[in-house]
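# Sequence first, then the predicted structure:
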Amino acid sequence: MATVKSDALEGRKLLVIQPLNALLQENGKPMIAVDSVGAGSGEVVFWCRGREASFPFLPAEVPTDCTIVGIVDSVYLNSK
(Lines give C-alpha, C1' and ligand atoms only; values in the text may rest on other atoms or scores of the structure.)
Protein backbone atom coordinates (compact mmCIF):
# COMPACT_ATOMS: atom_id res chain seq x y z
CA MET A 1 0.00 0.00 0.00
CA ALA A 2 1.24 3.49 -0.81
CA THR A 3 0.87 6.36 1.64
CA VAL A 4 0.36 8.85 -1.20
CA LYS A 5 -1.03 7.95 -4.62
CA SER A 6 -1.67 10.15 -7.62
CA ASP A 7 -5.30 10.27 -8.74
CA ALA A 8 -4.02 9.61 -12.29
CA LEU A 9 -3.02 6.09 -11.17
CA GLU A 10 -6.55 5.25 -10.01
CA GLY A 11 -7.66 2.01 -11.65
CA ARG A 12 -4.23 1.31 -13.15
CA LYS A 13 -2.46 -1.97 -12.41
CA LEU A 14 1.11 -1.82 -11.08
CA LEU A 15 3.28 -4.89 -11.65
CA VAL A 16 6.73 -5.94 -10.49
CA ILE A 17 8.79 -6.73 -13.59
CA GLN A 18 12.20 -8.43 -13.81
CA PRO A 19 14.54 -7.51 -16.67
CA LEU A 20 15.88 -10.57 -18.53
CA ASN A 21 18.86 -11.26 -20.75
CA ALA A 22 18.74 -12.97 -24.17
CA LEU A 23 18.54 -16.39 -22.46
CA LEU A 24 15.57 -15.28 -20.32
CA GLN A 25 17.71 -15.22 -17.16
CA GLU A 26 17.23 -12.49 -14.56
CA ASN A 27 19.40 -9.48 -15.38
CA GLY A 28 19.29 -6.47 -13.08
CA LYS A 29 16.96 -5.34 -10.34
CA PRO A 30 13.17 -5.75 -10.41
CA MET A 31 11.13 -2.63 -11.18
CA ILE A 32 7.56 -1.44 -10.70
CA ALA A 33 5.75 -0.74 -13.97
CA VAL A 34 2.31 0.58 -14.86
CA ASP A 35 0.50 -1.95 -17.06
CA SER A 36 -0.98 -0.54 -20.28
CA VAL A 37 -1.78 -3.85 -22.01
CA GLY A 38 -3.37 -6.23 -19.47
CA ALA A 39 -0.29 -8.31 -18.69
CA GLY A 40 -0.37 -10.95 -16.01
CA SER A 41 1.88 -12.92 -13.74
CA GLY A 42 4.56 -15.00 -15.49
CA GLU A 43 4.22 -13.32 -18.88
CA VAL A 44 7.23 -11.99 -20.78
CA VAL A 45 6.61 -8.33 -21.59
CA PHE A 46 8.07 -5.36 -23.42
CA TRP A 47 8.56 -2.28 -21.29
CA CYS A 48 9.90 1.23 -21.69
CA ARG A 49 11.32 3.80 -19.33
CA GLY A 50 11.65 7.54 -19.26
CA ARG A 51 9.35 10.19 -20.70
CA GLU A 52 8.03 7.77 -23.33
CA ALA A 53 6.60 5.55 -20.58
CA SER A 54 3.61 7.90 -20.24
CA PHE A 55 2.78 7.93 -23.99
CA PRO A 56 0.49 4.83 -24.00
CA PHE A 57 -1.92 6.69 -21.70
CA LEU A 58 -2.25 9.91 -23.72
CA PRO A 59 -4.21 12.15 -23.53
CA ALA A 60 -4.25 11.25 -19.81
CA GLU A 61 -1.23 12.40 -17.83
CA VAL A 62 -0.12 9.30 -15.93
CA PRO A 63 2.94 9.89 -13.71
CA THR A 64 5.11 6.91 -14.68
CA ASP A 65 8.66 6.33 -15.79
CA CYS A 66 8.24 2.58 -16.40
CA THR A 67 5.37 1.10 -18.43
CA ILE A 68 4.55 -2.32 -19.85
CA VAL A 69 3.79 -1.71 -23.54
CA GLY A 70 3.47 -5.21 -24.98
CA ILE A 71 3.15 -8.93 -24.22
CA VAL A 72 5.49 -11.39 -25.96
CA ASP A 73 3.49 -14.15 -27.71
CA SER A 74 6.35 -16.64 -28.03
CA VAL A 75 10.08 -16.86 -27.48
CA TYR A 76 12.57 -18.75 -29.63
CA LEU A 77 15.98 -19.40 -28.06
CA ASN A 78 18.67 -20.35 -30.58
CA SER A 79 20.94 -22.86 -28.84
CA LYS A 80 24.17 -22.68 -30.84
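Arrived safely. All values derive from a computational prediction rather than experimental measurement.

# Give the next helix or strand downstream of the helix or strand harbouring Cys48.
Element membership of Cys48, judged by DSSP states H and E, is strand 45-49. For strand 45-49, the following helix or strand on the C-terminal side (DSSP H and E) is strand 66-71.

# Just checking: what are the partner strands of that following strand?
strand 31-35 (parallel), strand 45-49 (antiparallel) (DSSP bridges).

# In the last one, which of the residues would be classed as buried?
Neighbour counts using 16 or more other Cβ atoms under 10 Å place 45, 47-48 of strand 45-49 among the buried residues. From N, CA and C alone the C-beta is placed, and that goes for glycine too.

# ok, and what's touching it?
By Cβ atoms under 8 Å, 6 or more residues apart in numbering, the residues outside strand 45-49 that reach it are 17, 31, 33, 37, 39, 65-72.

# re earlier: could the strands paired with strand 66-71 be laid out in JSON lines, adding mean pLDDT and distance to Tyr76?
JSON lines is the format used below for those (pLDDT from 0 to 100; distance: least, Cβ to Cβ, whole Å):
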{"stretch": "strand 31-35", "mean pLDDT": "96", "distance to Tyr76": "24"}
{"stretch": "strand 45-49", "mean pLDDT": "96", "distance to Tyr76": "16"}
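
# right, and these - which one's nearest Leu77?
For Leu77, the closest of the strands paired with strand 66-71 is strand 45-49, at 17.1 Å, according to Cβ to Cβ.

# check contacts around Val37.
Val37 is in contact with 45, 56, 68-71, counting by Cβ under 8 Å, 6+ apart.

# tell me the centre residue of the chain?
For the chain, the residue nearest the mean C-alpha position is Ile68 (2.8 Å; Cα atoms, centre = their mean).

# Quick check: bridge partners of that residue?
Asp35, Trp47.

# how close does it sit to Val4?
23 Å (Cβ to Cβ, to the nearest Å).

# So, low pLDDT: which residues of this protein?
Along the chain, segments meeting pLDDT under 70 span 1-2, 79-80.
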